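*Asks:* From the sequence below, what's the structure:
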Amino acid sequence: MKFFKGLKVLLVIVLFVLALATVLHYSIPKNSWVNRSHILVVKLYGKANSFFYGLTNKVTFNSSKLKGIELKNPTSLQFGPDGKLYVSTQLGTLYRLTIQKDSANSYTVLQTDTIDLIRNIPNYNDNGSPDTTVHGRQVTGILVTGTASSPVIYVTSSDPRVGGAVSEYVIHGDGDINLDTNSGILSMLTWNGSAFEKTDLVRGLPRSEENHSINGMTLDSTGRFLYATVGGNTNAGSPSVNFTKSSEYALSACILKIDLAAIAAMPMKGEGNEKYCYDLPTVDDPERENNPDGTDPNDPFGGNDGLNQAKIIR
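*Replies:* Now for the predicted structure:
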């Protein structure tokens, strides 16, 4: 009797595991990065185990140091269509790395190309005045697409300063260090055969008083629409000391759907690597004297703690 009772319990456990694996298999969306034949369901003794209709296969990872490169504060990375590894760093420098596999778990960088186009974007203070003493741009998101012969890099960047009451730059006060709260920019870097060229697609996106900003991106299946995440100005919607008690602005704490075809159809402004397509319209800053056309000087930059924030146009 004990044997049959134990067998019954074992059968129930097996059926439960099979049912769980099947539910997970059919509940996970079809994405190119999801291997639907191996669904991760449990973690035992620190090693991942996967189930394919009840059959287990151990999945383990090893780490190794990439030789031939030392990076400071890398934030995002992706292999491009040209087989090279693209890496962004916190202050805006991008690297394109040619990597060779030496042996199992051993890789070496053969060539390093440095891209400073984003790092060299000028910065402004929150009142809209240019600030040439602030160097670099905060970059936390890149997206590499295009072809092997013509790679394209989308980059999100913003003011490199980090404020907030809990900050290495702030000891006393409310943590407002006059960083530009309209400093978010979506840029596109295109390869011309010998170098990358920059075009700013959208300028004037919100940036928090701390370090939340526009960051990760993805393209839809058609390549026309780009989705970009924008960080919030608050802690889960509530004004916080860490964020100088700011509230959310228009277009902050959201996912933006950007029509690249519509932007490409706009007349290009500026020259060289200072070209841009679309400046977000802003509300009228009451603390700035208007230009003759009704805009504020240096719009869309200088969010002025929300008094000059971008406005939503429908």
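*Asks:* ok, how many other residues are close to the closest residue to Asn211 other than its chain neighbours?
*Replies:* Closest residue in space to Asn211, ignoring its immediate chain neighbours: Val162 at 4.7 Å, by CB to CB, 6 or more residues apart in numbering. From N, CA and C alone the C-beta is placed, and that goes for glycine too. Look at Val162: counted by other CB atoms under 10 Å, it has 19 neighbours.
*Asks:* thinking Val162 is in contact with Glu210, fair?
*Replies:* Yes. Between Val162 and Glu210 there is a contact under CB atoms under 8 Å: 6.4 Å.
*Asks:* coming back round to it: can you tell me how far the residue nearest to Asn211 sits from Thr244?
*Replies:* Applying CB to CB, to the nearest Å, the value for Val162 to Thr244 is 12 Å.
*Asks:* repeat for Pro74
*Replies:* Distance of Pro74 to Thr244, computed by CB to CB: 28 Å.
*Asks:* What of Gly231?
*Replies:* Shown here: Gly231 relative to Thr244, a distance of 14 Å by CB to CB.
*Asks:* After the helix or strand containing Ile142, which helix or strand is next? Please name it.
*Replies:* Ile142 is part of strand 138-146, with elements assigned from DSSP states H and E. From strand 138-146 onward toward the C-terminus, using DSSP H and E, the following helix or strand is strand 151-158.
*Asks:* Against which helices or strands is the helix or strand following that following strand packed?
*Replies:* With elements assigned by DSSP H and E, the helix or strand that comes after strand 151-158 is strand 184-191. Counting contacts by 3 or more CB pairs under 8 Å, 6 or more residues apart in numbering; DSSP states H and E, strand 184-191 packs against strand 151-158, strand 196-205, strand 214-219, strand 225-230.
*Asks:* can we see that at 10 Å?
*Replies:* For strand 184-191, the packing partners by 3 or more CB pairs under 10 Å, 6 or more residues apart in numbering; DSSP states H and E come out as strand 138-146, strand 151-158, strand 196-205, strand 214-219, strand 225-230, strand 254-259, helix 260-264, strand 275-279.
*Asks:* Good, wrapping up.
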